[in-house]
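[1] below are the sequence and a predicted model; questions follow.
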Amino acid sequence: MVKYIYSVGMHKEGGLNVLNKFIFDNNEEIYYFLDERLKNKYNLKNSSFVSKFLVLRLIHILYLSFKLKKNDHLIFLNGLPPIFKFKCNISVVFQNANLFREFYNISFTKWLFSKDSLRFLFFYFGKKNVNSWYVFSPTARNMLNKHIKKYINVKVINIYNEYKDIVSLNKTSEAEYDFIYPASFMEHKNHKMLINILILLSKKKIFPKVLFTLDPNDIKKINIEELKNKYGIKLYNYYESNQKKFIEIYKKFKSLLYISLNETIGLPIIEANKYGLFIIAPELEYSKQFINPDITFDINSEKELSLIIENCLKNNFDIEKKSKEIIILKNSITIDDFMWKVI
């Protein structure tokens, strides 16, 4: 039996971070189908690269449906099930909750003309071809169960065990910045809310140092220099594609300020806990999956969050940095269990 991991589409940010955790160099029992955009990143003997173009990807999956043997196991790590029937066992590690319209809570028309509606069609017609489903968080499991009701035991893979212990307690007096909001510039990441709050605080002569982590193309959409000149806000940006280098930036901050409207994991909350940051997150399901934040707020209230920021600055966060309560994920499995015992 050969285990095949299909990860086409996973080539940046969170997806790449997940993929790295499943890479077992040159293990003959595992063969990887990687996105062609990673050719300069990986040089695995037991792998091949697949085109990023949809039609070519579909042709490749059709080819695999005939090639793979009955005793093989194909794992779709990229989250979408195959639309073709396979002779072999098929597992899907689902991480695409944003293909469901309720994830964003946007209008049907806006969702219909997005890539997510197309991905939903692949999910809808392919889910019957899957033998086993896995997710990375309870939030994703709850959402997935609504759409595949016959699967009552979707398993959670806990891939963030390494973040459970704080390795470097942050001291507010030594930090260079007040808040970090590490997020891409997708609509549900809600950057506009934070910008509005910074402008509101500037009118009260309060200027917290806040850092975004947008790529060069997206930061241009904000006109950050114009905002700084007009309102005097202290808004900065830092972009680093290398995840190992990026997480070092947490050492420079007093607090994580997370304002996303919806997440399946909320990885920055876990990362910030590792570095002992004060954690402010919305009163939403994803915020308390792994760690209880220091403060939660109503995601629909700019006024409430503005007051929280103001009070944090006034009292220098007023809390000695301690390990947050770790939430134990019931019925979860580790990556090792998944790769060597379960599948």
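    Arrived safely, thanks for sending.

[2] in what helix or strand does Ile180 lie?
    Here Ile180 sits within strand 177-181, counting by DSSP states H and E.

[3] what mean pLDDT does that strand get?
    Mean pLDDT, strand 177-181: 96.

[4] for stretch 306-321, same thing?
    Averaging pLDDT along stretch 306-321 yields 83.

[5] which residues does stretch 50-70 contact?
    2, 4, 6, 8-9, 11, 33-37, 74, 82-88 (CB atoms under 8 Å, 6 or more residues apart in numbering). Placement of C-beta: from N, CA and C, glycine included.

[6] list the buried residues of it.
    The neighbour-count check on stretch 50-70 (16 or more other CB atoms under 10 Å) flags 50, 57, 60-61, 64-65, 68 as buried.

[7] for the nearest residue to Leu267 once chain neighbours are set aside, grab the count of nearby residues.
    Among residues not flanking Leu267 along the chain, Gly14 sits closest, at 6.4 Å (CB to CB, 6 or more residues apart in numbering). When neighbours are counted by other CB atoms under 10 Å, Gly14 registers 17.

[8] if we can go back for a sec, I'd like the buried residues of stretch 50-70 written out as CSV, with distance to Asn300 added.
    Output for the buried residues of stretch 50-70, formatted as CSV (distance: CB to CB, whole Å):
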residue, distance to Asn300
Val50, 42
Arg57, 39
His60, 44
Ile61, 41
Leu64, 45
Ser65, 46
Leu68, 48
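
[9] gap between the two ends of stretch 144-154?
    End-to-end distance of stretch 144-154: 8 Å, with CA to CA, to the nearest Å as the criterion.

[10] buried ones in it?
    Buried residues in stretch 144-154 (16+ other CB under 10 Å): 144-145, 148, 151, 154.

[11] returning to that earlier point: now list the buried members of the contacts of stretch 50-70.
    4, 6, 8-9, 11, 33-35, 37, 74, 82-84, 86, 88.

[12] any idea which element Leu313 lies in?
    helix 302-314.

[13] now the angle from that helix to strand 177-181?
    Helix 302-314 runs at 150 degrees relative to strand 177-181, counting by axes from the mean of the first three to the mean of the last three CA atoms, to 10 degrees.

[14] what distance separates helix 302-314 from the centre of its chain?
    26 Å (CA atoms, centre = their mean, to the nearest Å).

[15] okay, and Ile75 sits in which element?
    Going by DSSP H and E, Ile75 is in strand 73-76.

[16] quick one: average pLDDT of whichever strand or helix holds the residue nearest to Leu267?
    If you go by DSSP H and E, Gly14 is part of helix 13-21. The average pLDDT within helix 13-21 is 82.

[17] okay, now the unreliable bits of the stretch 201-343 of the chain?
    Scanning the stretch 201-343 of the chain for pLDDT under 70 picks out 319-328, 330.

[18] can you pull out the strands in it?
    Taking DSSP state E, counting those that start in this stretch, the strands of the stretch 201-343 of the chain run over residues 209-212, 234-237, 253-257, 278-282, 295-297, 332-333.

[19] now those in CSV, with distance to Cys312 and mean neighbour count?
    CSV is the format used below for these (distance: least, CB to CB, whole Å; neighbours: other CB atoms under 10 Å):
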stretch, distance to Cys312, mean neighbour count
strand 209-212, 12, 21
strand 234-237, 15, 16
strand 253-257, 7, 26
strand 278-282, 7, 24
strand 295-297, 8, 19
strand 332-333, 33, 18
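
[20] dump the ones you listed to JSON lines, plus distance to Lys220.
    Formatted as JSON lines, the strands of the stretch 201-343 of the chain follow (distance: least, CB to CB, whole Å):
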{"stretch": "strand 209-212", "distance to Lys220": "12"}
{"stretch": "strand 234-237", "distance to Lys220": "10"}
{"stretch": "strand 253-257", "distance to Lys220": "22"}
{"stretch": "strand 278-282", "distance to Lys220": "27"}
{"stretch": "strand 295-297", "distance to Lys220": "29"}
{"stretch": "strand 332-333", "distance to Lys220": "40"}
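
[21] picking that back up, tell me which strands and helices the helix holding Leu313 is in contact with?
    With contacts defined as 3 or more CB pairs under 8 Å, 6 or more residues apart in numbering; DSSP states H and E, helix 302-314 has these neighbours: strand 177-181, helix 191-202, strand 278-282, strand 295-297.

[22] now the ones you listed as a markdown table including distance to Lys245?
    Below are the helices and strands packed on helix 302-314 laid out as a markdown table (distance: least, CB to CB, whole Å):
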| stretch | distance to Lys245 |
| --- | --- |
| strand 177-181 | 15 |
| helix 191-202 | 23 |
| strand 278-282 | 22 |
| strand 295-297 | 29 |
